[in-house]
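Undergrad: just the structure for this:
(2 chains)
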Amino acid sequence: DTEVTQTPKHLVMGMTNKKSLKCEQHMGHRAMYWYKQKAKKPPELMFVYSYEKLSINESVPSRFSPECPNSSLLNLHLHALQPEDSALYLCASSPLGQGLEAFFGQGTRLTVV
Amino acid sequence: DAKTTQPPSMDCAEGRAANLPCNHSTISGNEYVYWYRQIHSQGPQYIIHGLKNNETNEMASLIITEDRKSSTLILPHATLRDTAVYYCIVRVREYGNKLVFGAGTILRVKS
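TA: Below you'll find the model as predicted:
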């Protein structure tokens, strides 16, 4: 199994809603990442988890709340988002003992209305 | 972190080699060169990385100049499916380190 699985693939939410994005990998990777990508722009790093602990937060607004409940699962909890938060949200993981050779999921396309 | 410079776009004929350049003149001794690509509407895909020696795998070859200030990603026989945005990233190869994408090069492979 060499996949990073993200669910849902598409999500539409209102500005007052609370929703969560889910990312799962069963490759034993211990570094996991969240990225945000706007149309025609490169992915922007949001968070890095290393050994289930948050190691990097790129000054992301608190309406985005990451969680890593175990070594296979990474969540991104969303609350009170704005329309400008609409984007493709990508999850990635990196193998143990290696550097930045990351595997990416296909992303969740989020629309905030 | 070392800055990278890539051309915004390139065209390549199908079946020919695609040579994608990347300048990283401020690279430090412990920084690696990584290449990723992103096909439209998909997640980025790792291609290859290297420190100072040339590297080859089943997808591509990476040629790094002796002074390490620039590199070239070579797709030996480009196909239409290689049309994508290609990102050159220079980073310390440290587990859990930031993986930061620049603007990249849009490669269009044409028949």
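Undergrad: chain A: strands as residue ranges?
TA: A:4-7, A:10-13, A:18-25, A:31-37, A:44-50, A:53-57, A:64-70, A:73-79, A:87-94, A:103-104, A:108-112 (DSSP state E).
Undergrad: tell me which strands the last one pairs with, and in which orientation.
TA: So the one you mean is strand A:108-112. Next to strand A:108-112 in the sheet, as set by DSSP bridges, lie strand A:10-13 (parallel), strand A:87-94 (antiparallel).
Undergrad: format those strands as JSON lines; extra columns: mean neighbour count and mean pLDDT.
TA: C-beta: built from backbone N, CA, C; applies to glycine. Compiled in JSON lines, the strands paired with strand A:108-112 are given as follows (neighbours: other Cβ atoms under 10 Å in any protein chain shown; pLDDT from 0 to 100):
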{"stretch": "strand A:10-13", "mean neighbour count": "14", "mean pLDDT": "97"}
{"stretch": "strand A:87-94", "mean neighbour count": "24", "mean pLDDT": "95"}
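Undergrad: so can I have a markdown table of those strands showing distance to B:F101?
TA: Converted to a markdown table, the strands paired with strand A:108-112 look like this (distance: least, Cβ to Cβ, whole Å):
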| stretch | distance to B:F101 |
| --- | --- |
| strand A:10-13 | 23 |
| strand A:87-94 | 10 |
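Undergrad: nearest the geometric middle of chain B, what residue?
TA: B:W35 (3.5 Å; Cα atoms, centre = their mean).
Undergrad: pretty sure it is in a strand, no?
TA: Yes: the assignment for B:W35 by DSSP: H, G, I helix; E, B strand; the rest coil puts it in a strand.
Undergrad: surely it meets B:A60?
TA: Yes: using Cβ atoms under 8 Å, B:W35 is in contact with B:A60, at 7.1 Å.
Undergrad: residues of chain B that sit close to chain A?
TA: B:32, B:34, B:38, B:42-46, B:49, B:85, B:87, B:89, B:91, B:93-104 (Cβ under 8 Å from any Cβ of the partner chain).
Undergrad: re the thing from before, can you name the residues that contact the closest residue in space to the residue nearest to the centre of chain B that isn't next to it in sequence?
TA: Spatially, and ignoring its direct neighbours in sequence, B:W35 is nearest to B:I47 (4.4 Å; Cβ to Cβ, 6 or more residues apart in numbering or on different chains). The contact partners of B:I47, taken as Cβ atoms under 8 Å, 6 or more residues apart in numbering or on different chains, are B:W35, B:Y36, B:R37, B:N57, B:M59, B:A60, B:L73, B:Y86.
Undergrad: max pairwise distance over the residues you listed: which two?
TA: Greatest spatial distance in the contacts of B:I47: B:N57 and B:Y86, 15.1 Å, computed using Cβ to Cβ.
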